[in-house]
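1. from the sequence below, what's the structure:
(one chain, ligands or ions: 1)
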Amino acid sequence: MSQGEHNFEELHFKPAPALDGEVPGPRSREMLAEQDELESNARSYPRSVPVAIEEGRGATMKDVDGNTFVDFFGGAGVLNVGHSHPAVLQAAADQEKKLVHALDFPTRPKLRLMGQLKELLPGRLRESARFHFGGPTGSDAIEAALKLTRGHTGRDAVIAFQGSYHGMTTGALSVTSDVGFGGPTASPVHFMPYPYCYRCPLGLKPDSCEMACATLLDTSLEDPHSGIPKPAAVLIEPIQGEGGTIVPPDGYLSEVRRITRKHDVPLICDEIQTGFARTGTMFACEHDGVQPDVMTLSKALGGIGYPISCIAYDAEFDDWKPGAHIGTFRGHQVAMAAGFAAIEFMREVDLAGHAAALGELTLGLLRDAQDTLPSVGDVRGRGLMIGIELVKDRDTKEPWPEMAARIRTECFRKGVIIEVGGHFGNVARFLPPLVITRELLLTGIEIFVESVREAEQALARPSALIAG
Ligand SMILES: Cc1ncc(COP(=O)(O)O)c(C=O)c1O
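-> Next comes the predicted model:
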């Protein structure tokens, strides 16, 4: 084991994966059919990973038929300390006996959590941060951040980025770039190119572009004829998640920080997916030494999946009047106690270091495998936030979403659960619980590589026949 790695052996089901025949098994199929009768047509994950889950432990899950899977999905980046972490479960159970709901009254779990978060925040926020707990999901934190900066600046427009995902409530949807979600069209949101260097939106090359995408942000804010009024905020994911695990080049985020300061525009970093050790540091903006004005936090903040979100922001922005942003479910005491315990554990074991070490290992192995896997166009990531972009041809980079979907199915059949995302639905994504052991990770990667190989053979067959 190298520095930063730990062995979290005892946290997972063993052995894993362990399948008893074909998946989905009979009970899963029954429950999926029942779900089909009852639940909205908008449900998504069980369409691509058809399974009914019974129990989770660490980086493993059992389905209702007793099959054990390796979880490379981590509840979409929620389960950084793993499913049902024992210390977090204990903290939640203790709190549940005392108090669950408390609106925004001061309570010990809340004060403790805010004190702890403050110690972790980057730069001046460590001294000056204020917190606001709104509704329980990440989208609620985005709404709050937009409202806070709009109120503070008296401006309406917002700059977000192509490839962004910020959630499904009206405001959050307006700053989400995927037009397929049918977001509001009349909102004053302007989308700037993100440094998606594998497919540069400006058609440039990383070695000679001189970060033209950042220059465009600068000139758009400078030029009264850019068509973009001075915005209330620039809202950015330090690494884009749903957009396909897009890691900006070093220096990009700090350039955005410099530009936003120069133009007196607040910077909101959405750390909902990247936060809490996921990318090898507590928050992803730290990689570039950036201190945002506002941070949105959720997902892993609830420890093992309790819903909670908040914004952390510089006190200078705290000009909300009393009662300016309220809500019934903004004081979930169990989530706060769970979050505190989870963060204590992250710090105790240096979970960020573990994620960084295993992330490097993963990127190395996948890049080696890429030599013999023609459909793998790009391998990227930071910490345990990994993306593998699938293409029909490495020269044309034509996206291959069917390949990504097929790989996900092959992985599932072999007992590994992965996610697919990206602009074109062609990026296989790993977001495993960060407590995954090296052994489980290696097993999962091996199954993934085997699945790519099989999917390549299967999908190449019809065109090979036609060509022949
Ligand atoms: C970066 C980011 N922001 C916001 C959200 C929205 O969070 P939620 O789904 O909890 O509303 C997500 C969800 O995936 C996300 O990844």
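2. surely residue 256 touches residue 234?
-> Yes - counting by C-beta atoms under 8 Å, residue 256 does reach residue 234; the two are 6.6 Å apart. Yep, even glycine has a C-beta here, placed from its N, CA and C like the rest.
3. right, and residue 259 touches residue 222 too?
-> No - under the criterion of C-beta under 8 Å, residue 259 lies out of contact with residue 222, with a separation of 9.2 Å.
4. higher neighbour count, those two?
-> Taking residue 259 and residue 222 together and counting by other C-beta atoms under 10 Å, residue 259 has the greater number of neighbours (20 against 11).
5. number of residues surrounding residue 411?
-> Here the number of neighbours of residue 411 (other C-beta under 10 Å) works out to 25.
6. please read the previous query as pertaining to residue 111.
-> 11.
7. and it, how far from the ligand?
-> 24 Å (C-beta to the nearest ligand atom, to the nearest Å).
8. please identify the helix or strand for that residue.
-> Secondary-structure element containing residue 111, defined by DSSP states H and E: helix 108-120.
9. how about the residues of this protein by the ligand?
-> Contacts of the chain with the ligand, taken as C-beta under 6 Å from any ligand atom, map to 76, 137-139, 142, 165-167, 237, 241-242, 270, 272-273, 298.
10. just give me the closest of these to residue 179.
-> Within the residues of the chain next to the ligand, the smallest distance to residue 179 is 12.5 Å, found for residue 165 (C-beta to C-beta).
11. who touches the closest residue to that closest one other than its chain neighbours in this structure?
-> Nearest-residue entry for residue 165: residue 242, 3.5 Å, with adjacent residues in sequence omitted and distances by C-beta to C-beta, 6 or more residues apart in numbering. Applying C-beta atoms under 8 Å, 6 or more residues apart in numbering, one finds that residue 242 lies in contact with 165, 178, 273, 421.
12. now those residues as TSV including secondary structure, neighbour count and pLDDT?
-> Output for the contacts of residue 242, formatted as TSV (DSSP: H, G, I helix; E, B strand; the rest coil; neighbours: other C-beta atoms under 10 Å; pLDDT from 0 to 100):
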residue	secondary structure	neighbour count	pLDDT
165	coil	23	97
178	coil	15	89
273	coil	26	98
421	strand	23	98
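13. closest to the centroid, which residue in the protein?
-> residue 273 (2.9 Å; C-alpha atoms, centre = their mean).
14. quick one: residues contacting it.
-> For residue 273, the contacting residues are 76-77, 237, 241-242, 299, 385, 431, taking C-beta under 8 Å, 6+ apart as the criterion.
15. buried ones in stretch 168-188?
-> Neighbour-count burial for stretch 168-188, with 16 or more other C-beta atoms under 10 Å as criterion, is recorded at 171-177, 183, 187.
16. distance of whichever residue of the stretch 51-200 of the chain sits closest to the ligand from residue 433?
-> At 2.3 Å from the ligand, residue 138 is the closest residue in the stretch 51-200 of the chain, using C-beta to the nearest ligand atom. Using C-beta to C-beta, to the nearest Å, we find residue 138 at a distance of 18 Å from residue 433.
17. repeat that for residue 452.
-> The separation that residue 452 has from residue 433, given C-beta to C-beta, amounts to 22 Å.
18. quick one: which of the two has more around it?
-> Neighbour comparison, residue 452 and residue 433: the larger count goes to residue 433, with 32 against 27 (by other C-beta under 10 Å).
19. helices and strands of the chain: which one bottoms out on pLDDT?
-> In the chain, the helix or strand scored least confidently by mean pLDDT, DSSP states H and E is helix 438-467, which has a mean of 86.
20. and it, what does it pack against?
-> Applying 3 or more C-beta pairs under 8 Å, 6 or more residues apart in numbering; DSSP states H and E, we find helix 438-467 packed against strand 68-71, helix 351-370, helix 401-414, strand 416-417, strand 427-430.
21. per-residue confidence for the residue nearest to residue 25 when sequence neighbours are not counted?
-> If you skip the residues right next to it in sequence, residue 25 has residue 65 as its closest partner in space, 3.0 Å away by C-beta to C-beta, 6+ apart. According to the predicted model, the pLDDT of residue 65 comes to 98.
22. enumerate every residue touching residue 65.
-> By C-beta under 8 Å, 6+ apart, the contact list for residue 65 reads 20, 23-28.
23. of these, select the buried ones using a PyMOL command.
-> A single PyMOL command suffices to select whichever of the contacts of residue 65 are buried according to 16+ other C-beta under 10 Å:
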select buried, resi 23+24+25+28
